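In: Sharing a model prediction with you, sequence too.
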Amino acid sequence: MKAQTSRAPEDFIPVTEQVTPVIVKIGGGDMDGDGNTDPSINFLIDSPLMPFSDQSADPLGWTEALSTKTGRIQELTIEDGDLKRIDCKVFPQPNALTSLEVTLPGGEQLVLSEVEDAPGDTYRLQVQSSRPFQILRGVAEDWKESRASFSSSSLILTFKQTIDGLNDIFSFSYTFNNPQNGVFNLDFYVDPGQ
């Protein structure tokens with residue numbers, strides 16, 4: 001299963017760009033002493049090649065973070081247990097922004113989206129969460145790994161590209177069959193020279 005927008009010219013993406021995958025691993029809660037599994041889903045965000053900076057200054061952990069480098073989202077890869085891997089490619093366009101929304105029952109969300117750094121010029125990757133994330137590697141201004149626990153046992157991903165903030169060029173939704181054993185990668189290509 002693939003979702004794809006219309007193709008841009010082949011020379012749109014310079015060969016010198018480096019892909020910076022933002023890896024989000026999801027998994028179930030731990031078992032208690034009686035053998036009951038906690039129904040929560042744990043999220044681990046790992047961005048080994050590009051740090052993020054906390055934009056929220058929340059003492060409980062960050063709820064909004066921004067990439068320290070500019071670039072564009074190019075692909076989403078989903079791994080759901082033993083099911084076949086899904087690749088969703090998108091081609092950046094000047095007047096369109098790409099986002100990935102993770103929605104959990106009860107209204108909790110995790111949103112990874114392109115935001116304009118300079119109008120029509122450069123873009124950063126913004127992460128917003130309804131739950132605070134704890135930094136595991138790095139400091140608030142320069143972290144590469146963090147974790148949060150959401151009180152849910154199911155989740156839906158919506159990957160979309162929106163033109164001028166109004167109309168979706170495309171939208172792809174996926175409900176995890178096995179959220180206790182899933183991973184998704186969001187490939188954010190960093191601009192050359194950074």
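Out: Noted; the coordinates are in hand.
In: pull the helix or strand with minimum mean pLDDT from this structure.
Out: strand 18-28 (a mean of 83; mean pLDDT, DSSP states H and E).
In: I'd like to know which elements that one is packed against.
Out: In terms of contacts (3 or more Cβ pairs under 8 Å, 6 or more residues apart in numbering; DSSP states H and E), strand 18-28 is packed against strand 41-46, strand 62-80, strand 181-190. Bear in mind the C-beta positions are built from the backbone N, C-alpha and C, glycine included.
In: OK, contacts around the residue positioned nearest the centre of the chain?
Out: The chain has residue 112 as the residue nearest its centroid, 4.3 Å off, counting by Cα atoms, centre = their mean. Contacts for residue 112 (Cβ atoms under 8 Å, 6 or more residues apart in numbering) come out as 22, 99, 100, 125, 126, 127, 186.
In: I'd like to know which of those is nearest to residue 169.
Out: The nearest member of the contacts of residue 112 to residue 169, counting by Cβ to Cβ, is residue 99 at 11.7 Å.
In: Please identify which helix or strand holds the closest one.
Out: Following DSSP states H and E, the helix or strand that holds residue 99 is strand 96-103.
In: if we can go back for a sec, looking at the contacts of residue 112, which has the most residues close by?
Out: For those, the largest number of neighbours (other Cβ atoms under 10 Å) sits with residue 125, at 28 neighbours.
In: Kindly state the beta-bridge partners for residue 188.
Out: Taking DSSP bridges, one obtains residue 20, residue 73 as the residues bridged to residue 188.
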